[in-house]
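1. attaching a predicted model along with its sequence, questions to come.
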Amino acid sequence: MMLNIAVEAARTAGAYLRQHLGKVRDIRLKGGQEKNLVTEIDKASEELIISMIRRHFPSHNILAEEGGGGTATASDVKWIIDPLDGTTNFTHGFPVFCVSIAVEQRGEVVAGVIYDPNFDELFTAEKGKGAFLNGKRMRVSAAGSLRQSLLVTGFPYNIAENPDFAIEHFVDFLIEAQAVRRMGSAAIDLAYVAAGRYEGFWEVALHPWDVAAGALIVTESGGRMSDFNGGPYSIYDRQALASNGRVHDAMIAVLQKRSGSKGSGPA
């Protein structure tokens, strides 16, 4: 039931985003960071999603990027929402963005949906039931070395401060991997790892709404999630390392070339 509502909400919000691509009127800075943008489209998309969830589950908690979740309740269910992952892309009319919705129950993500309206690609997963792209089962790539691997990353808004050696890690992977990409949507990056399009992904300074759905989709596709040291992964960590599993240890080794690579802790 919850997955079905998440899918319906993601598709509805995605259609709204697609209809308003190139029509942004109000772009504002978020959190005092000149590169961290929010638009009226982000907020309207979030409102659409929350209203659909509230109709079916009025007592559930909501953690949404733009803060529309309201007051916490006693429910053990939390919806984690990114109504527009890839806002900078969206504001430039660059069609790489998506909607990401996850359901966390008693501290564990049990369902996740990522919808890319530009390609009409719907990535879904339920805990223990596998991951799917438009209804077809997904599996991660079989590549076994970094030399065979196409990797992807993202840069934080405060990249000028180079948190967690983000620039050095990028250069190190450029040298070790077949190639590295930077798309501007962590949720799509994770979905593409799950679909076998990328072998691995790493990023710093993340938030739960960036990764909650994608992390489940990766693991349900046979992939692996961890922090940069290979330790247990939490969506509330600021670091994320995702891979097909086969190149995970090699990616950890690259990340460990820089001292102090441990992240800055929970958001």
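-> Everything's here; your move.
2. now the helices for the stretch 1-150 of the chain?
-> 2-19, 40-56, 87-91 (DSSP state H, counting those that start in this stretch).
3. dump the ones you listed to CSV, plus mean pLDDT and mean neighbour count.
-> The way it works is simple: take the backbone N, C-alpha and C, and place the C-beta from them, glycine included. Listed next are the helices of the stretch 1-150 of the chain as CSV, based on pLDDT from 0 to 100; neighbours: other C-beta atoms under 10 Å:
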stretch, mean pLDDT, mean neighbour count
helix 2-19, 97, 20
helix 40-56, 94, 19
helix 87-91, 92, 21
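4. do you know which of those helices lies nearest K127?
-> Ranking the helices of the stretch 1-150 of the chain by their distance to K127 (criterion: C-beta to C-beta) puts helix 2-19 first, at 10.2 Å.
5. which of the helices of the stretch 1-150 of the chain sits closest to Y192?
-> Across the helices of the stretch 1-150 of the chain, closest to Y192 is helix 87-91 (C-beta to C-beta), at 14.8 Å.
6. could I get the closest one in PDB with only the CA atoms?
-> Provided in PDB are the C-alpha atoms of helix 87-91 (Å, rounded to 0.1, in the frame of the first residue of the first chain):
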ATOM      1  CA  THR A  87      17.300  21.800  -8.600                       C
ATOM      2  CA  THR A  88      20.300  23.500 -10.200                       C
ATOM      3  CA  ASN A  89      19.900  21.400 -13.300                       C
ATOM      4  CA  PHE A  90      16.200  22.200 -13.300                       C
ATOM      5  CA  THR A  91      16.700  25.900 -13.100                       C
END
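7. out of the helices of the stretch 1-150 of the chain, which gets nearest to G70?
-> helix 40-56 (8.2 Å).
8. what's the end-to-end length of stretch 86-99?
-> 9 Å (C-alpha to C-alpha, to the nearest Å).
9. give me the contacts around that stretch.
-> 9-10, 13-14, 17, 21-22, 24, 27, 35, 37-39, 41-42, 45, 49, 82-85, 113-118, 183-185, 187-188, 191 (C-beta atoms under 8 Å, 6 or more residues apart in numbering).
10. just the buried members of these?
-> 9-10, 13-14, 17, 21, 24, 37-39, 41-42, 45, 49, 82-85, 113-118, 183-185, 187-188, 191 (16 or more other C-beta atoms under 10 Å).
11. adding distance to S243, write the helices of the stretch 1-150 of the chain out as TSV.
-> Formatted as TSV, the helices of the stretch 1-150 of the chain follow (distance: least, C-beta to C-beta, whole Å):
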stretch	distance to S243
helix 2-19	25
helix 40-56	29
helix 87-91	24
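12. among these, which is nearest M138?
-> Comparison of the helices of the stretch 1-150 of the chain against M138 by C-beta to C-beta identifies helix 2-19 as nearest, at 15.3 Å.
13. got the angle between the closest one and helix 40-56?
-> 150 degrees (axes from the mean of the first three to the mean of the last three C-alpha atoms, to 10 degrees).
14. and helix 2-19, C-alpha only, in PDB?
-> The C-alpha atoms that make up helix 2-19 are tabulated as PDB, following Å, rounded to 0.1, in the frame of the first residue of the first chain:
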ATOM      1  CA  MET A   2       2.700   2.500   1.000                       C
ATOM      2  CA  LEU A   3       4.800   1.700  -2.100                       C
ATOM      3  CA  ASN A   4       1.800   2.200  -4.300                       C
ATOM      4  CA  ILE A   5       1.100   5.600  -2.800                       C
ATOM      5  CA  ALA A   6       4.800   6.600  -3.100                       C
ATOM      6  CA  VAL A   7       4.700   5.600  -6.800                       C
ATOM      7  CA  GLU A   8       1.500   7.600  -7.400                       C
ATOM      8  CA  ALA A   9       2.900  10.600  -5.600                       C
ATOM      9  CA  ALA A  10       6.200  10.400  -7.400                       C
ATOM     10  CA  ARG A  11       4.600  10.200 -10.800                       C
ATOM     11  CA  THR A  12       2.200  13.100 -10.100                       C
ATOM     12  CA  ALA A  13       5.000  15.300  -8.900                       C
ATOM     13  CA  GLY A  14       7.300  14.200 -11.700                       C
ATOM     14  CA  ALA A  15       4.600  15.200 -14.300                       C
ATOM     15  CA  TYR A  16       4.300  18.600 -12.600                       C
ATOM     16  CA  LEU A  17       8.100  19.100 -12.800                       C
ATOM     17  CA  ARG A  18       8.200  18.200 -16.400                       C
ATOM     18  CA  GLN A  19       5.400  20.600 -17.200                       C
END
